[in-house]
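In: Below is the sequence, then the predicted model.
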Amino acid sequence: MNTNKGEGTMQHNGESYEQERLPHPVYFVESPQDDSVLVALDVQRLGDTISWQDTTKERRFNIGEVISQDPNDYRFKTSAEFGDAADYRLTEMTLDTYRLAVKPRLINGRNFNTKEEMVAAFKEAQDNAW
């Protein structure tokens, strides 16, 4: 696994949790049960919780099961503790993924010549949302 483990250890109620940050700046998010997900920035895992920004808000989920910890194909199932469990897949956002799967779902999808331009635009949207 090539995630950035060891970024810090957090303590809560006397228990230690390893903080993990996924290495790619932008991920494409897929879920057969949740069509509201699309983009993930600053993906972090702390214990049994995973969170990210999606350019407009923070998303946070309780993990029921990690299916794959591959940072290029991170998969998990949410806990059914607060409702139905859902499957999520996070893959590195490439220009092709953006053009084929993301841009058609955006109201004002932009064209990018490089991955760096695309990442900068997502970061700018995230910064402007707060």
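Out: Cool, got the structure.
In: now the longest helix seen in the chain, how far from the centre of its chain.
Out: Ranked by residue count and defined by DSSP state H, the top helix of the chain is helix 115-129. From the chain centre to the centre of helix 115-129 is a distance of 14 Å (CA atoms, centre = their mean, to the nearest Å).
In: Over to stretch 66-73?
Out: With CA atoms, centre = their mean, you get 11 Å for stretch 66-73.
In: Tell me which residues are up against that stretch.
Out: Stretch 66-73 is contacted by residues 1-3, 22-24, 74-77, 87, 89-92 when judged by CB atoms under 8 Å, 6 or more residues apart in numbering. C-betas here are computed from N, CA, C, even on glycine.
In: Would you mind listing the buried residues in it?
Out: Judged by neighbour count (16 or more other CB atoms under 10 Å), stretch 66-73 contains these buried residues: 69, 71.
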